[in-house]
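> Fold the following for me, if possible:
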Amino acid sequence: MNGSITKDKIVNENITNDIEKKLSSILDVAKELIGTRTLFISRTGNHMFSVLKVLNQNGSTIEDGTTLTLEHSV
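Take a look at the predicted model:
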């Protein structure tokens with residue numbers, strides 16, 4: 001069934017949307033507390049640096065989904 005919507009796909013999309021909303025909420029609170037133009041949430045693992053979510057108001061050019069090796073992230 002190519003192109004069909006499965007229960008797993010719906011569950012995964014709901015989880016992804018929930019995580020996106022939570023990350024955005026965290027960044028909104030941090031912006032109020034810190035008051036900077038660019039904030040982001042990232043993670044490191046397997047020698048990689050990955051940007052999960054960015055709140056950018058004419059600050060840095062960093063974007064959601066940016067992934068770099070740890071050596072190139074500093």
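
> helices or strands up against the helix or strand where Val51 lies?
Val51 belongs to strand 48-56 when assigned by DSSP states H and E. On a contact count with 3 or more CB pairs under 8 Å, 6 or more residues apart in numbering; DSSP states H and E, strand 48-56 meets helix 7-34, strand 38-45, strand 67-69, helix 70-73. Yep, even glycine has a C-beta here, placed from its N, CA and C like the rest.

> packing partners for the shortest one?
This means strand 67-69. strand 48-56.

> Output stretch 12-30 in PDB with nothing but the alpha carbons.
Output of stretch 12-30 as PDB, limited to C-alpha atoms (Å, rounded to 0.1, in the frame of the first residue of the first chain):
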ATOM      1  CA  ASN A  12       5.300   9.600  14.700                       C
ATOM      2  CA  GLU A  13       3.900  12.800  13.200                       C
ATOM      3  CA  ASN A  14       2.000  13.600  16.400                       C
ATOM      4  CA  ILE A  15       5.100  13.000  18.500                       C
ATOM      5  CA  THR A  16       7.200  15.200  16.100                       C
ATOM      6  CA  ASN A  17       4.600  18.000  16.300                       C
ATOM      7  CA  ASP A  18       4.400  17.700  20.100                       C
ATOM      8  CA  ILE A  19       8.200  18.000  20.400                       C
ATOM      9  CA  GLU A  20       8.300  21.000  18.000                       C
ATOM     10  CA  LYS A  21       5.700  22.800  20.100                       C
ATOM     11  CA  LYS A  22       7.600  22.100  23.300                       C
ATOM     12  CA  LEU A  23      10.900  23.200  21.800                       C
ATOM     13  CA  SER A  24       9.200  26.400  20.600                       C
ATOM     14  CA  SER A  25       7.800  27.000  24.100                       C
ATOM     15  CA  ILE A  26      11.200  26.600  25.700                       C
ATOM     16  CA  LEU A  27      12.700  29.100  23.300                       C
ATOM     17  CA  ASP A  28       9.900  31.600  23.900                       C
ATOM     18  CA  VAL A  29      10.500  31.500  27.600                       C
ATOM     19  CA  ALA A  30      14.200  31.700  27.200                       C
END
